[in-house]
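Undergrad: Take a look and give me a structure for this.
(3 chains)
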Amino acid sequence: MKIDNENIDIERIAKLSQLEFLDDDLECIYKDMTDIIRMINELPDIYKDKEYECFYNNFYNEENSNGLSKLRDDIIIDSETMCEKLLKNAPCIHNGFLSIPKTF
Amino acid sequence: MLLYKKTAAELSKMLRNRECSSVEICNSFLDRIKQNEKNTEAYITICDDIIDKAKEIDKMLALGEKLHALAGIPIALKDNISTKGIRTTCASKMLQNYIPPYDAYVVKKLKDAGMIITGKLNMDEFAMGSSTETSYFKKTHNPYDPDYVPGGSSGGCAAAVISGEAVLSLGSDTGGSIRQPAAFCGAVGFKPTYGSVSRYGLIAFASSLDQIGTICRDVSDTALLYNLICGYDKMDATSARREYPNFYSRLSDCNINGMRIGIPFEYFKENVSEEVIQNILNAIELLKYIGAEIYEISLPSTKYAVNAYYIISSAEASSNLARYDGVRYGYRTKNYNNLSDMYTKTRSEGFGDEVKRRIMLGNFVLSSGYYDKYYKKASDIRLMIKYEFNNAFKECDIIITPTYPTSAFKFGEHKDNLTKLYNNDIFTVPASLAGIPSISIPCGYSSKGLPIAMQIMGKNFSEMTLLKVAYAFEKLYGKPERME
Amino acid sequence: MIEDNEEHINEYEPVIGLEVHAELSTKTKIYCSCRNVFGGSPNTNVCPICMGLPGTLPSLNKKVVEYAVKAGIAMNCHINNISGHDRKNYFYPDLPKAYQISQWETPICENGYLDIVSDGRIKRIGINRIHIEEDAGKLLHESEKNSLADFNRCGVPLIEIVSEPDMNNSSQAKAYLETIKMILQYIGVSDCKMQEGSIRCDVNVSLRKKGSNKLGTRCELKNVNSFSSAIRGIEYEILRQTKILKSRGNIKQETRRWDDAIGKSIIMRTKENANDYRYFPEPDLKAIVISDYEIEKLKETIPELPNTKIWRYINEYGFSQIDAEIIVESTERAELFDKSVKLDICKPKTICNWILSDIAKIQNETGLAISDMNITADKLCTLISEVEKGNISNTAGKTVLSIIVKSGKDPLDIIKENNMAQNSDRESLRCIVRKVLLENPKSVNDYKNGKEKALGFIVGKCMQKSKGTANPSMLKEIILSEI
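TA: Predicted coordinates:
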């Protein structure tokens, strides 16, 4: 699929998304993706003046980073009842394991 | 007067003065829901233990126990906020029967204060949309006119609060999902600074943009509720470590004499309806009347905000929604031959069209060969937008714009023009990209009688200022007429 | 034909890089407070965060960062003051969020090196980076149709150590792996138990024309479950790639799975099918900031590293490489040795002998670790010096040692209580000897007539008279001089 001289591989993106589109849906998604990508193709280059560079470099300030003291302490919190609850939403359980189709 | 028509602040006073009981309050809302829900269709799930919980609170009040101001007051939550033991669906087939085993941080806060959760509200699927039309379950209707959408993605919240089916609600805002439905339904929608309310338990759409906020009937209720939910949470690493003032008690000091209001001309150009512009300008005149000073400012990168937003939010969404694979929870397809089959069929059957579009877009902009052109560039634009706001807030205290280019639209109106719908997010997405707080407050009506709202933005953690200005305006302009 | 092969093999030089994953021995997982522990019934050591439930958020464990920094310091890396997290996106049932939180753009540690000893020479292997990431769950293949998933291991903290492609043969690779294992165990950040999977590696092998700087196409080998299978895998790959080049073929960039049972590698993915991980910065976590002060403090907690120790023992004390390695191999042995030497009571060589023979003998018999043997540096040196001074005999010394192990008592007390003091007083011994010689003239004559056995008899009689306390060598010396 070509948009503004770019070759967009819809099948590859669908594979990355783990989605399948059949027949009419495929046509629809082609059209939609074309429109959306055309829209987002308008992105300017940013002109970075000195002041902006300063702002950009200070970006990792207090609020955007965590020093060691702000990280979680290495203390165990057990929750036996939680584990049971967690499995309640599972579609298929077998002896405490989650059962899924075979992987290779 | 019917209890469900009162504000939360009023109900709280009445409860403490023993003028009514929590059971009576809750029954009033339950009756209203019974009566009106077929029209509005705001709720996905209604809790069955509301009265029991109300009885407990009444008991404690009778014993003279000192409780939080909001104890015994009912509240409804957007259905992407995890509630332990209560189905949380994100309005999606994928999570149709999913019951979280834990409470979101905000839910814990509500419960600790003795608030009563009435139910979970309808939304656009996984919070992706501007009309609540993409919900898997039902379409919610605008209380002003049922042929019109309530906005999205927190459409259920706005509709419930304005139609009397709830008095307080918590929604989420990623690119305008609280502010726009509030604008469409005549409610007050508040998106606080990114990081001021914990996201732990909010089912993620776009992590760096999502923020839990309030949709209420007026500014007082907004302040009262925000008081409760804001604060540092160690379970959310992006949560801000800071103390917050008591917003509610400081509202009355709302003298805005000398307040500098910036009006960015980029928000008043083409593609905004005349009616909307007129109403906003009128509102600004009112603020001038009580002492505010108006400055015209420029935010040049505004025109790229929508593109940057859709690139970043879709990228993060494509990653956040990858966990829905039918392995540990949620929907799993019935027909599959192998693992790959199970993944693709589960996801193709479990997700609606809009969600699938965003996931595809997200994977595209992150994929090999495209990352620099799209995601990286969008991130640079985002920083530029932050930078421009930063500079603007040196010249002014707050910025006022329309919340949305139009008032509410009809169902199906945008079905054939996706990008037009996306582009209408132009006024709300900049605040999301920059992380700054923003409140939408009703300021007029369209010729069809549908609400129009203005948006007030401030710099990071300037919520007190925003609430003060909103409160001052509301005092002057009055609150919208609520319908029966 | 054989010459042909050799010629070709000699034309190319193997280039090997290794990616080692080691589980860190913190108490909790990397992004949640679940126990970091091996095993357990399936899905009993999980929580909403490590199971990837909707709405959950990661919370970084401080200890993980500290351990990663320590590993980086121990491997001579530059520690980045600011490092970030990135998402690595791919679908697999053992990965709950369908992405792994890792570090792509700025890892915690970069540009380090390790010196290894291989083929009698020291070689420097570059370390490209060390970064932190989370482990995935485990899959069991139950039947033809189904697999079973257990998420207990999900979220266990890992460091990934990526080497430069500086190794050229399998013995260098082996030395590298063993050095890493020793270092990580030494600084206490990982127990490196291969059988529990707490250390794993992927191998990258390519061939390059000798003398050229240009690297050949590389193949990655996964599923290498032990150091020895890494060696086998490397050697197989070198042969496989050589054969292809020999027949003028091209090496394709592939990811291959090593099957140790059949001794072959099998294609998993080609370059075309390679995963597109779509890395982007993790929005749920802030960047990690580590100050220079904090790095210094962590540096102080790192003990002298094994290699440095070995070379110090060889150079300062004149030990053989083997002896040095054996002591260093066990942190407890090395600690006991270093502490004992510090007391400056006995010679290092003597202490070494005691540790490697007498103490080791008891360890072999009882299976005890040194920490369970009640042997302190103090007690050991006191005991050794009593033996060196001649206050007790060698044999008595061994006995005292085993009593220390059993009872923890002080050696001097033991010697006293058991009357083990050895008589090394020349005068009293001379008395005894003279008496015995007078009482046994026949034996004296027999010895003088060349019967060596008679000497033994006399020694025995003297021992008896001294009630076993005579210093044997001194006794013999006196007898020979008196006789």
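
Undergrad: Just give me the residue closest to the centre of chain C.
TA: residue C:182 (3.0 Å; C-alpha atoms, centre = their mean).

Undergrad: so where does it fall, helix or strand?
TA: Taking DSSP states H and E as the criterion, residue C:182 maps to helix C:170-186.

Undergrad: what packs against that helix?
TA: Counting contacts by 3 or more C-beta pairs under 8 Å, 6 or more residues apart in numbering or on different chains; DSSP states H and E, helix C:170-186 is packed against strand C:12-23, helix C:62-74, strand C:109-118, strand C:121-134, strand C:199-209, helix C:227-246, helix C:306-317. (C-beta placed from N, C-alpha, C; glycine too.)

Undergrad: Flag every buried residue along that helix.
TA: C:170, C:172-177, C:179-186 (16 or more other C-beta atoms under 10 Å in any protein chain shown).

Undergrad: all strands of chain A, in order?
TA: A:2-3, A:6-7, A:65-67, A:93-94, A:97-101 (DSSP state E).

Undergrad: now those as CSV including mean neighbour count and distance to chain C?
TA: Converted to CSV, the strands of chain A look like this (neighbours: other C-beta atoms under 10 Å in any protein chain shown; distance: least, C-beta to the nearest C-beta, whole Å):
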stretch, mean neighbour count, distance to chain C
strand A:2-3, 11, 19
strand A:6-7, 10, 16
strand A:65-67, 18, 4
strand A:93-94, 14, 6
strand A:97-101, 22, 4
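
Undergrad: do you know which of those lies nearest residue C:122?
TA: Proximity to residue C:122, assessed across the strands of chain A by C-beta to C-beta, is greatest for strand A:65-67 (38.1 Å).

Undergrad: got a markdown table for the strands of chain A, with mean pLDDT and distance to chain B too?
TA: Below are the strands of chain A laid out as a markdown table (pLDDT from 0 to 100; distance: least, C-beta to the nearest C-beta, whole Å):
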| stretch | mean pLDDT | distance to chain B |
| --- | --- | --- |
| strand A:2-3 | 64 | 10 |
| strand A:6-7 | 66 | 9 |
| strand A:65-67 | 86 | 7 |
| strand A:93-94 | 91 | 10 |
| strand A:97-101 | 92 | 5 |
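
Undergrad: Ok, which of those strands comes nearest residue A:53?
TA: That would be strand A:65-67 among the strands of chain A, by C-beta to C-beta, at 18.9 Å.

Undergrad: which helices and strands does the closest one pack with?
TA: strand C:287-289.

Undergrad: Could I get the buried residue list for the helix or strand just after the strand it packs on?
TA: Next helix or strand after strand C:287-289 toward the C-terminus (DSSP H and E): helix C:292-300. Neighbour-count burial for helix C:292-300, counted by 16+ other C-beta under 10 Å, picks out C:294, C:295, C:298.

Undergrad: Show me the subset of those that also lies near chain B.
TA: Counting by C-beta under 8 Å from any C-beta of the partner chain, nothing from those sits close to chain B.

Undergrad: With respect to chain A, which of the residues you listed is nearest?
TA: Each of the buried residues of helix C:292-300 was scored against chain A by C-beta to the nearest C-beta, and residue C:294 proved nearest at 5.7 Å.

Undergrad: circling back: give me every residue that touches the residue nearest to the residue nearest to the centre of chain C when sequence neighbours are not counted.
TA: Spatial nearest neighbour of residue C:182, chain neighbours left out: residue C:306 (4.8 Å); criterion: C-beta to C-beta, 6 or more residues apart in numbering or on different chains. Shown in contact with residue C:306 (C-beta atoms under 8 Å, 6 or more residues apart in numbering or on different chains): C:179, C:182, C:183, C:186, C:328, C:329, C:334.
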